[in-house]
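Engineer: What follows is a protein structure lacking sequence information:
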């Protein structure tokens, strides 16, 4: 895009995001007063279909590859390279999930309230908070819905396809004997690079579903091998879909 058009497009994307969020907020606020799984599922559905529609209207449509996930319970993991990943993951996963998110996200006006309804919040600097978040994810996975995690923890600003993974998602999968479903987002860094606020560009957003990785019979002794296996599969897929 031209130097003149790109800032205009970026501003348009950000404005439509804020306007649509503010427009839907009263509905989600009322639903959120009923602090139950059914209420969170209803808010998730609003965000899911809004995400798909908003990305399409912004000229960043979602294109999926691989086998669409079935309705079994999974720990979803995806690479993290852009601010847009937070929107794309809600458009990409077809079934209700909750995700792990930084506690600081709640401080963002309006957005923070909505995110709090869908996420399990963690203060990464607190060992107590990290342990509590693991217990909550275990409970949610058993009783309510899928869990989605960016195992890199933060943006991958290295020259490698993936950063090293944290243990949390894999520990959770083993402890609950829930298979892992890896995904990759190859294009979000091209749509919205992490280094700039007004650097958005239109184009498709590919979502590639990889085959589920079973964990049945695994123990925590297998954690490092499981983590390495998923990392290798996602890294190979990122090279296949550059």
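Structural biologist: Yes, it's here. As the structure is a prediction and not an experimental result, all values here were calculated from the model.
Engineer: Give me the below-cutoff pLDDT ranges for the protein.
Structural biologist: Where the chain drops to pLDDT under 70, the residues are 1-3, 104-106, 123-126, 128-130.
Engineer: any chance you could map the strands in it?
Structural biologist: 62-65, 75-78, 97-102, 119-122, 146-149, 180-184, 205-209 (DSSP state E).
Engineer: Can you add mean neighbour count and distance to residue 44 and give those back as a markdown table?
Structural biologist: In short, each C-beta sits where N, CA and C put it, glycine included. A markdown table is the format used below for the strands of the chain (neighbours: other Cβ atoms under 10 Å; distance: least, Cβ to Cβ, whole Å):
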| stretch | mean neighbour count | distance to residue 44 |
| --- | --- | --- |
| strand 62-65 | 15 | 16 |
| strand 75-78 | 26 | 13 |
| strand 97-102 | 21 | 7 |
| strand 119-122 | 20 | 11 |
| strand 146-149 | 24 | 10 |
| strand 180-184 | 25 | 17 |
| strand 205-209 | 21 | 17 |
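Engineer: and residue 176, how far is that from residue 120?
Structural biologist: According to Cβ to Cβ, to the nearest Å, residue 176 stands 14 Å off from residue 120.
Engineer: wait, what's in contact with the residue nearest the centre of the chain?
Structural biologist: Residue closest to the average C-alpha location in the chain (Cα atoms, centre = their mean): residue 89, at 4.0 Å. Neighbour list for residue 89: 76, 78, 99, 148, 185 [criterion: Cβ atoms under 8 Å, 6 or more residues apart in numbering].
Engineer: Identify the farthest-apart pair in these.
Structural biologist: Maximum pairwise distance in the contacts of residue 89, criterion Cβ to Cβ, is 14.0 Å, between 99 and 185.
Engineer: pretty sure residue 13 is touching residue 201, no?
Structural biologist: No. Counting by Cβ atoms under 8 Å, residue 13 sits too far from residue 201 to count as a contact (9.7 Å).
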